[in-house]
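Participant: sequence? don't have it. structure:
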């Protein structure tokens, strides 16, 4: 694609050689002459100068003489769109594989693509333009919206609902039973899990992530929330809009999470916790109680991230602190732990 | 179902309108007139009074004038049974899909249900009434008891054994190789893992959980134990009866766990640890050494939960403690860390 | 197999009855007369003496009168090879199942074995002697070397590359999208992940482990590295040769890990961290910053393992330390936290 065409399709200003051919994307370090690179801030000007990229998406006002530039208010966002224009997404062939099993009672929108070994059970509804990769399972009465992509072996159990433009990566399981038992006389009796999972529009779910169905009602993942791989969402959990959860995050049952909450890697929450809007939980942080909106927390159990950073540094000096304390006790003579001993 | 019939089938006393129609189950908050709700203890009397539920399972002796009640010694247990009566479980159609591959040497009990894309290898035995959802894989010589349910894509590798009434949720892997190598001259040589996994009766295994086969003998999950999603059980581990392990729990190889042990979310154990009966490991707790029966522990490494709670609170004040220590040292003049400096 | 033949095939010296029949392998404790056991060091001489094993692999120089011995420099390594001779590996039947879907553009080496319900997309290359168990998915243009084993339901997304002798356990997902978004005006826009994953020779990957494709270039797993189950490797991560990562380890995006690095169970690293050769991260350790080669670290955030062990012990005494500090303050009168209050 000529740089001219790219700038037009992206709707951004071009500076430099509009006839430059761009055929791919790359990082500044490894870009070649046919690649588009990007510069997020003026801080990396050095790397941009050294880069062999044929063109660069840069912040408006960037001064890089002699380079082919696409000037953007939000260069990373424009670059993201450019990637999709330059590198086509992996897609399934059109149509429904004759190696799939699709119930005659299922309702399929236009241009639904279904690969081999997919099982679509009774009374399923699938919206327009949705793709089901090989091995996907859609349980009875489940619903998948339009323009969704379910990668290989994704499981959506009976009665669960996915909105539009939902992406689910390989091996994720939506709607397995929650972990609920009634223990009586040494036997853990199963509390049948008869609720469902509702995934709103524009959610993305990572590979091998698991989201349990509610015991009675709904486990909810709010619009635009993104979950990474191997995340576990317990039954009855409510996750608000626009949240981000990194790999291995685990959320205990019935916890309620506000909007735009971030859980960094391996973080988690106990069950029955309420988390306010905009909370950030640092890597490995573990919520044990309610957290007010806007808090930034870390630690197990989690408290103020800023205080946790300080306390963690002192923690590393604890043996020395104990020695100092002992010395003081000695100097004061017969005091402290030695008193009366 | 009329409330009368429900009370008879559950074997509990009815108080109120025996002709009330009950068609579903719900929480107290969202129940409608056709729903059965439940009250676990007299503490929630308020919520029960406000609930629109058509009937409530309550502890014997509960005073809720004007309400339709089912009176039970163990209301939650009775409610669990009521849920199953009112909401039918998801089931496979009877028979064996012609899109499954079942070895001619496999032995199948009566009423085994097998969905499409299931692979049953040679010399497998499957007990009466067991269901294999689409995509299940049973390796050579594996055995699955009666009345089991294996949800989509469950993998049971060669030679592994499941008892009766075992439930395995989607994507769980039973019997992959344990993590065992002999390192010599910079090469990690694989120690072939030729043991197996034995899962006893009434075990439930969560979605995408992994249980490794033993190196030489048996990895054992005891009767009635319940594992949540994304749990990892290393090779040679012995888990006793009636244990509970929540999401993301990881148990290192050769660890021996007693009966009725509880691991809360994201907890774990090192390898070669012995854990006594009835131990409770708090959320994120990590066992580094043997734990006597009945202990309640938390922390990394884990110690007394009660002491951990106290220590964790002091941890949050560590920066202040260090300042106080420094002040004392200063007052004593030239002592403490400053001595001689 | 006669012990004589076994010693010859293993190339080690025999002492005792060369005509002893050996039909299996077992631990010292449970071995019977037909089993081969092994003794890793002279420390377990007692267990070896009590064992009923028909023969034992032992260190050269071991004195066990009256026993049948195979004498080896590296007994565990020799035992590992003996296990494979005595217990045949699980294998697929030769040939390609007529229930698999293999693109006509795929290039298959000699003796490739493909089970039912496998999907091999366009332009895939598979090397000689590789086995694909039921339900494996190989995306467009992916490449799998020779003598690999991919267990049931393994997913290799488009464009990803596996070397030779790679073992991937059931349910692992290689090449799902990395977790990358550009947030603008409250919307998390997906940064299309158009890189790939490259797995070098002799790597082993555990069940349900996930390795994300790079955003633009390559996520790399170096030669001979072994990953356990439920491990998460973020996009753009570079893992060197010969590393070991135990269950639930999580590595954040763009982190660079040297050669022969060990991560114990549930350990992890933040993103953009550089880890030197030979680093050992203790169980549950979490790297927050670069770690020089040869370090042994633990804790969250991780620091010197030796110091962490000491600090963790003092941590358990924190409530007592605080009491001692308060006592000193009291004795000094009006000092410390009470000053001026």
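Facilitator: Great, that's in hand. Here the structure is a predicted model, which means the values were calculated and not measured.

Participant: what about residue A:59, neighbour count?
Facilitator: By other C-beta atoms under 10 Å in any protein chain shown, 17 other residues sit near residue A:59. Backbone N, C-alpha and C define where each C-beta goes, glycine included.

Participant: quick one: contacts for it?
Facilitator: Contacts of residue A:59 were listed using C-beta atoms under 8 Å, 6 or more residues apart in numbering or on different chains, and they are A:39, A:40, A:41, A:42, A:71, A:72, A:73, A:75.

Participant: which ChimeraX command selects the buried ones in these?
Facilitator: When burial is assessed using 16 or more other C-beta atoms under 10 Å in any protein chain shown, the buried subset of the contacts of residue A:59 is captured in ChimeraX by this command:
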select /A:39,71,72,75
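
Participant: got the contact list for the lowest-mean-pLDDT helix or strand in chain A?
Facilitator: Sorted by mean pLDDT, DSSP states H and E, the helices and strands of chain A end with helix A:45-50, the least confident at a mean of 92. Taking C-beta under 8 Å, 6+ apart as the criterion, the residues outside helix A:45-50 that touch it are A:28, A:29, A:37, A:39, A:56, A:58, A:62, A:64, A:67.

Participant: show the buried residues in those.
Facilitator: Judged by neighbour count, with buriedness set by 16+ other C-beta under 10 Å, the buried members of the contacts of helix A:45-50 are A:28, A:37, A:39, A:56, A:58, A:62, A:64, A:67.

Participant: out of those residues, which one sits closest to chain C?
Facilitator: Comparing those against chain C with C-beta to the nearest C-beta picks out residue A:37 as the nearest, at 9.2 Å.

Participant: what strands line up against the helix or strand harbouring the closest one, and which way round?
Facilitator: Per DSSP states H and E, residue A:37 falls inside strand A:35-38. Listed by DSSP bridges, the sheet partners of strand A:35-38 and their directions read strand A:24-25 (parallel), strand A:55-59 (parallel).

Participant: contacting residues around residue A:255?
Facilitator: For residue A:255, the contacting residues are A:234, A:237, A:238, A:269, A:270, A:271, A:272, A:273, A:274, A:275, A:287, by C-beta under 8 Å, 6+ apart.

Participant: sorry, that was for residue A:3
Facilitator: A:14, A:16, A:17, A:18, A:19, A:20, A:21, A:22, A:54, A:55, A:68, A:70.

Participant: if we use 7 Å, what do you get?
Facilitator: Residues in contact with residue A:3 (C-beta atoms under 7 Å, 6 or more residues apart in numbering or on different chains) are A:14, A:17, A:18, A:20, A:22, A:55, A:68.

Participant: now residue A:18
Facilitator: By C-beta under 7 Å, 6+ apart, the contact set of residue A:18 is A:2, A:3, A:4.

Participant: do residue A:276 as well
Facilitator: Taking C-beta under 7 Å, 6+ apart as the definition, contacts of residue A:276 comprise A:258, A:291, A:292, A:293, A:294, A:295.

Participant: for residue A:86, same thing?
Facilitator: Residue A:86 makes contacts with A:1, A:22, A:24, A:25, A:36, as judged by C-beta under 7 Å, 6+ apart.

Participant: among these, which ones are buried?
Facilitator: Neighbour counting with 16+ other C-beta under 10 Å marks A:22, A:24, A:25, A:36 as buried within the contacts of residue A:86.

Participant: possible to save those residues as TSV with distance to residue C:152 and pLDDT?
Facilitator: Putting these into TSV (distance: C-beta to C-beta, whole Å; pLDDT from 0 to 100) gives the following:
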residue	distance to residue C:152	pLDDT
A:22	42	97
A:24	35	96
A:25	35	97
A:36	40	98
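
Participant: now, among the residues you listed, which is nearest to chain B?
Facilitator: For chain B, the nearest member of these is residue A:25. The distance, counting by C-beta to the nearest C-beta, is 32.7 Å.

Participant: picking that back up, which one of the contacts of residue A:86 sits closest to residue A:84?
Facilitator: For the contacts of residue A:86, the minimum distance to residue A:84 (C-beta to C-beta) is 9.7 Å, reached by residue A:25.

Participant: test my guess that that closest one contacts residue C:215.
Facilitator: No - taking contacts as C-beta atoms under 7 Å, residue A:25 lies outside contact range of residue C:215: 9.2 Å.

Participant: any shared contact partners between these two?
Facilitator: Where contact means C-beta under 7 Å, 6+ apart, no residue is in contact with each of residue A:25 and residue C:215.

Participant: picking that back up, looking at the contacts of residue A:59, which are in strands?
Facilitator: Residues from the contacts of residue A:59 lying in strands, with DSSP state E as the criterion: A:71, A:72.

Participant: pull the number of nearby residues for residue A:144.
Facilitator: For residue A:144, the neighbour count with other C-beta under 10 Å is 28.

Participant: which residues touch it?
Facilitator: Shown here is residue A:144, whose contacts under the criterion C-beta under 7 Å, 6+ apart are A:126, A:127, A:130, A:138, A:150, A:156, A:162.

Participant: mind doing that once more with 10 Å?
Facilitator: A:108-109, A:112, A:120, A:124-127, A:130, A:132, A:136, A:138, A:150, A:154, A:156, A:160-164, A:166, A:168, A:199 (C-beta atoms under 10 Å, 6 or more residues apart in numbering or on different chains).

Participant: now swap in residue A:213 and tell me
Facilitator: Applying C-beta under 10 Å, 6+ apart to residue A:213 gives the contacts A:157-160, A:174-178, A:193-198, A:219, A:235-236.

Participant: report the separation between it and residue A:196.
Facilitator: According to C-beta to C-beta, to the nearest Å, residue A:213 stands 5 Å off from residue A:196.

Participant: what do you get for residue A:166?
Facilitator: Distance, residue A:166 to residue A:196, by C-beta to C-beta: 15 Å.
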